[in-house]
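**Student:** Structure for the following, please:
(one chain, ligands or ions: 1)
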Amino acid sequence: MSDYIVEFNNVTKEYVRQVALQNISLKLPRGKLIGLVGPNGSGKSTILKLIAGLVRPSRGSVRVNGRQANRMLASEISYLSELDVLYPFYTVAETIDFNAGLFRNFDMAKAREMMSFMQLDPGKKVKDLSKGNRGRLKIILSLARQVPLILMDEPLSGLDPLVRDSIIQSLISYLDLEQQTVIMTTHEVTEVEPILDTVVAIQNGQLRGMAEVEEIRMTHGQSLVEWMKHNLA
Ligand SMILES: Nc1ncnc2c1ncn2[C@@H]1O[C@H](COP(=O)(O)OP(=O)(O)OP(=O)(O)O)[C@@H](O)[C@H]1O
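**Tutor:** This is a model prediction of the structure:
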């Protein structure tokens, strides 16, 4: 088994009128919490979609767990989209049951535990949940899957500090980094800094840097924001 869960080899992704990624080569280690950072439109979501097999590279190759990325790997990948994809008329419990039916590797006990940890009312309909509680529910659905790779596109965006904190706490409590790797895009760099192992900086579709957060702190005496300013000049 390769030490790397994800390998990009000279990947370029062009949409119809837009080059989203230019010649990216990248190896992401297993068992880490990895942050993808960079300005709006830099290509972070496109990286996650390539890994999930939702879009294909225009050139180059993307490998996940040693195999070429494609939608067939969906059973090994949990993908939390930026979009609101919950069904409004289901209750919280029905939403969880529905997902348990969709995915063989869904851990119902873990989902229930997280639901009480996050104080979500199982009987409440999705349409009546606050934005924060919808964010929490999405996190439960994402983390309750027993899969080696969890992708999260902006899990904290637009949520208030309390919700962001409860999501970060649930990542610490419920992630199994012996078995799982998380790759998340985020703009909330200062908030995720304490839990990230590795950070990858992207700008204008190009790789601008990759480092261990511990090393940024210990060797360079920098915060993640300072490191970003240095790399995304
Ligand atoms: N389906 C698409 N068709 C055309 N262009 C697209 C498509 N998806 C993304 N793009 C373009 O590709 C570039 C990279 O977009 P991407 O969503 O990957 O960036 P991002 O770093 O995730 O941005 P943000 O932080 O704003 O979410 C942007 O210029 C965007 O407009």
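
**Student:** From the contact counts, what lies against the strand or helix carrying residue 99?
**Tutor:** When elements are assigned from DSSP states H and E, residue 99 belongs to helix 92-102. Applying 3 or more Cβ pairs under 8 Å, 6 or more residues apart in numbering; DSSP states H and E, we find helix 92-102 packed against helix 108-117, helix 131-143. C-beta coordinates here come from the backbone N, C-alpha and C atoms, glycine included.

**Student:** Can you convert those into CSV and add a column each for distance to residue 187?
**Tutor:** Compiled in CSV, those are given as follows (distance: least, Cβ to Cβ, whole Å):
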stretch, distance to residue 187
helix 108-117, 24
helix 131-143, 15
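
**Student:** Select, out of those helices, the one closest to the ligand.
**Tutor:** helix 131-143 (15.9 Å; Cβ to the nearest ligand atom).

**Student:** Can you tell me what sits against that closest one?
**Tutor:** By Cβ atoms under 8 Å, 6 or more residues apart in numbering, the residues outside helix 131-143 that reach it are 78-80, 84-86, 92, 95-96, 99, 110-111, 114-115, 118, 120, 124, 126, 129, 150, 152, 155-156, 158-160, 162-163, 166-167, 170-171, 174-175.

**Student:** Show me which of those are buried.
**Tutor:** Burial by neighbour count, judged by 16 or more other Cβ atoms under 10 Å, picks out 78-80, 86, 92, 95-96, 99, 110-111, 114-115, 118, 120, 126, 129, 150, 152, 155-156, 159, 163, 166-167, 170-171, 174-175 from those.

**Student:** I figured residue 228 was touching residue 187, is that so?
**Tutor:** No. In this structure, residue 228 is not within contact of residue 187 by Cβ atoms under 8 Å, at 10.5 Å.

**Student:** Which of these two has more residues huddled nearby?
**Tutor:** residue 228 (21 against 14; other Cβ atoms under 10 Å).

**Student:** how about residue 36, phi and psi?
**Tutor:** phi -100, psi 120 (degrees, to the nearest 10).

**Student:** Next: residue 126.
**Tutor:** phi -60, psi -40.

**Student:** can you offset everything so residue one is 7?
**Tutor:** Shifting the count to begin at 7 puts that one at residue 132.

**Student:** What distance do you get for it to the ligand?
**Tutor:** Counting by Cβ to the nearest ligand atom, to the nearest Å, the gap from residue 132 to the ligand is 23 Å.

**Student:** and the nearest residue to residue 193 once chain neighbours are set aside, what is it in contact with?
**Tutor:** Once flanking residues are discounted, residue 193 sits nearest to residue 163: 6.7 Å by Cβ to Cβ, 6 or more residues apart in numbering. Contacts for residue 163 (Cβ under 8 Å, 6+ apart) come out as 88, 192-194.

**Student:** any chance of these in a markdown table, plus pLDDT and distance to the ligand?
**Tutor:** A markdown table is the format used below for the contacts of residue 163 (pLDDT from 0 to 100; distance: Cβ to the nearest ligand atom, whole Å):
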| residue | pLDDT | distance to the ligand |
| --- | --- | --- |
| 88 | 80 | 7 |
| 192 | 94 | 9 |
| 193 | 92 | 7 |
| 194 | 91 | 12 |
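
**Student:** Helices along the protein, start to end?
**Tutor:** With helices called from DSSP state H, the chain shows them at 50-58, 98-108, 114-123, 137-149, 167-180, 195-198, 219-224, 230-237.

**Student:** Thank you kindly, that will do.
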